[in-house]
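**Student:** quick one, fold the following:
(chains A and B)
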Amino acid sequence: MVAPLFYIFAGLAIVAALSVVLQRTPVYSALSLILVLCSLAVIYLLLDAPFLAVVQVIVYAGAIMVLFVFVIMLLNARAEAPTDRSRFARWLGLPLLAAFLGEVLFVVLAHFADTPLYSGEAFDAGPRAVGGLLFRQYVLPFEVTSILILVAIMGAVVLAKKQL
Amino acid sequence: MATFSDQLVLLLLTLARVVVVLVVLLTTIAYTVWLERKVVAHIQSRWGPYLVGPHGLLQPVADGLKFLFKEDIIPDEVDRVIYILAPLLAFTLAFLSIAVIPFGESVTIAGYTIPLQITDLNVGLLFILAVTSLGVYGVALAGWSSNSKFPLFGGLRSSAQLISYELTLGLAVVGVVMIAGSLSLREIVEQQRGLWNIFKQPIGFLLYFTAAIAETNRTPFDLPEAESELVGGYHTEYSSFKFAMFFMAEYANMVTVSCLATSLFFGGWLGPVFGPPLLRAFLPVCWFALKVATFLFIYIWIRGTLPRFRYDQLMNFGWRFTLPVALLNVLGTSLIVAWRSV
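**Tutor:** Model (predicted):
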């Protein structure tokens, strides 16, 4: 039951990811990105990690992407006019993309070829386990990240408001 | 072969539960609309619906048929795909979160134990928060795709409002989660056997209910569809069954929020149980329904009593009052929980 569902949602994620890049209208791109994030959440669910799946939906699809859509609506952005694509990107982009995909494929085949798709109860990704890791083992990186985000927010406020 | 037939029975039982819950939910929605019209009418010294059936009891049927037979108008300048997607999204997401609400303990019929819940997810509470956080897309996309100024204003207001109050909603239930030590709604209800959470988390409950009213776009927080300024807000350009889908989504959200308030703060299906076995099996569900109905009545009562907030009042109230209080509540509760466990 797991394998076919995995292929369906992995395929959906890839198709939606392509659609993010290829769509002309910003709202369609944003919606495709939401679809990508939700398919990834389903894959987490198939890996017996419902907590991660739900957090994925809450944080990415429910919070960050809402802001994206909000901004697109606020600017009332319609279909983008196609520009003369840069020649640089055309000649360098595709080979670079191919090289990158080849590299990923090589690493996966070289190191993880024998790993089964789904390894059962190999890990515990419940709220208790994740919380324990986050606030014991990784407490310093966690706090540093939060300060970094706070600085970024303050920077955005200072940039947006000329007079405080 | 035995395992196959077992699986088949499991599948059928699950399907049966889904169908029963959906039918009950749709009926509840229909009669919540009737109740709302009646209660608001009586608050305003009117009679409300009275002609279709005794005391207008068949009015929901008439309304449903009317929605079905109305002409479905799609304006020319809309973004068709998203315009059609938006009500579907709002409707589906509103009905999804009911899946993890426990209605009662399990009943045993013919050797099969059936829990009175569609599925007991061990992160059930987070699941509901996730579905609620996606609910904003229905409204926002409806506003954007209509390509008209009032829906756009409605959609923008709604996105801002839902993002603001989602924080309070999430933080308000953290206290309950800390006390119960679980995110499963069934365990949270079970843990309230001695004392309901409302007595342990009174501030948490008030914050939850305030934020929940804002999340469901109800008066006094109904700015996304403020008739007097935005015509109808995000659903101005919708007609016929697409409008009905938004309408039903709003009431489904009300029911879900009431179910969640009951489960988190008022002991869910817990209540005095007595009498013969059949009554014993039936009473918990009755208690649950009674508590949910009370919340729905309070919803309507608030609507009939309070005027609408101004937009700046709404934002100030959300960010400068409810959010800090919710944070303090989390801080206080965590201190008490930590002190008890030492």
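**Student:** pull the longest helix from the chain.
**Tutor:** If you meant another chain, say so; for now it's chain A. Ranked by number of residues, the top helix in chain A under DSSP state H is helix A:87-112.
**Student:** not quite, I wanted chain B
**Tutor:** Longest helix in chain B, counting by DSSP H: helix B:2-43.
**Student:** could you count how many residues lie near the residue in the stretch 151-300 of chain B that chain A sits nearest to?
**Tutor:** When distances are taken as Cβ to the nearest Cβ, the stretch 151-300 of chain B reaches nearest to chain A at residue B:159, 4.6 Å away. For glycine as for every other residue, the C-beta is placed from the backbone atoms N, C-alpha and C. Residues near residue B:159, counting by other Cβ atoms under 10 Å in any protein chain shown, number 26.
**Student:** my read: it touches residue A:71, true?
**Tutor:** No: judged on Cβ atoms under 8 Å, residue B:159 makes no contact with residue A:71 at a distance of 9.8 Å.
**Student:** quick revisit: going by neighbour count, which residues of the longest helix of chain A are buried?
**Tutor:** Using 16 or more other Cβ atoms under 10 Å in any protein chain shown as the test for burial, helix A:87-112 gives no buried residues.
**Student:** re the thing from before, quick one: list the elements packing against the longest helix of chain B.
**Tutor:** Under the contact criterion of 3 or more Cβ pairs under 8 Å, 6 or more residues apart in numbering or on different chains; DSSP states H and E, the helices and strands touching helix B:2-43 comprise helix B:59-69, strand B:112-116, helix B:240-265, helix B:277-305.
**Student:** need those in JSON lines with distance to chain A, can you?
**Tutor:** Formatted as JSON lines, the entries for the helices and strands packed on helix B:2-43 read as follows, by distance: least, Cβ to the nearest Cβ, whole Å:
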{"stretch": "helix B:59-69", "distance to chain A": "27"}
{"stretch": "strand B:112-116", "distance to chain A": "17"}
{"stretch": "helix B:240-265", "distance to chain A": "15"}
{"stretch": "helix B:277-305", "distance to chain A": "24"}
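**Student:** next up, the contacts around residue B:143.
**Tutor:** By Cβ atoms under 8 Å, 6 or more residues apart in numbering or on different chains, residue B:143 lies in contact with A:73, B:151-156, B:158, B:233-234.
**Student:** repeat the analysis, applying 6 Å as the threshold.
**Tutor:** Shown in contact with residue B:143 (Cβ atoms under 6 Å, 6 or more residues apart in numbering or on different chains): B:151-152, B:154-155, B:234.
**Student:** highest neighbour count among the residues you listed?
**Tutor:** Comparing the contacts of residue B:143 by number of neighbours (other Cβ under 10 Å), residue B:234 comes first, having 32 neighbours.
**Student:** state the pair within the contacts of residue B:143 that is farthest apart.
**Tutor:** By the measure Cβ to Cβ, those have their two most distant members at B:152 and B:234, which lie 8.5 Å apart.
**Student:** just say which of the helices and strands packed on helix B:2-43 is most tucked in.
**Tutor:** Per residue and on average, the most neighbours among the helices and strands packed on helix B:2-43 fall to helix B:240-265, with a mean of 23 (mean count of other Cβ atoms under 10 Å in any protein chain shown).
**Student:** residue of chain B nearest chain A, please.
**Tutor:** residue B:133 (2.8 Å).
**Student:** contact residues of chain A facing chain B?
**Tutor:** Taking Cβ under 6 Å from any Cβ of the partner chain as the test, the list of chain A residues beside chain B reads A:50-51, A:54, A:57-58, A:62, A:66, A:69-70, A:73.
**Student:** which of these are buried?
**Tutor:** Those of the residues of chain A next to chain B that meet the buried threshold are A:50-51, A:54, A:57-58, A:62, A:66, A:69-70, A:73, by 16+ other Cβ under 10 Å.
**Student:** would you mark the buried spots in stretch B:107-124?
**Tutor:** The neighbour-count check on stretch B:107-124 (16+ other Cβ under 10 Å) flags B:115-118, B:121-124 as buried.
**Student:** show me the contacts for the most centrally placed residue in chain A.
**Tutor:** The centroid of chain A falls nearest to residue A:37 when counting by Cα atoms, centre = their mean (6.0 Å). Applying Cβ under 6 Å, 6+ apart, one finds that residue A:37 lies in contact with A:60-61.
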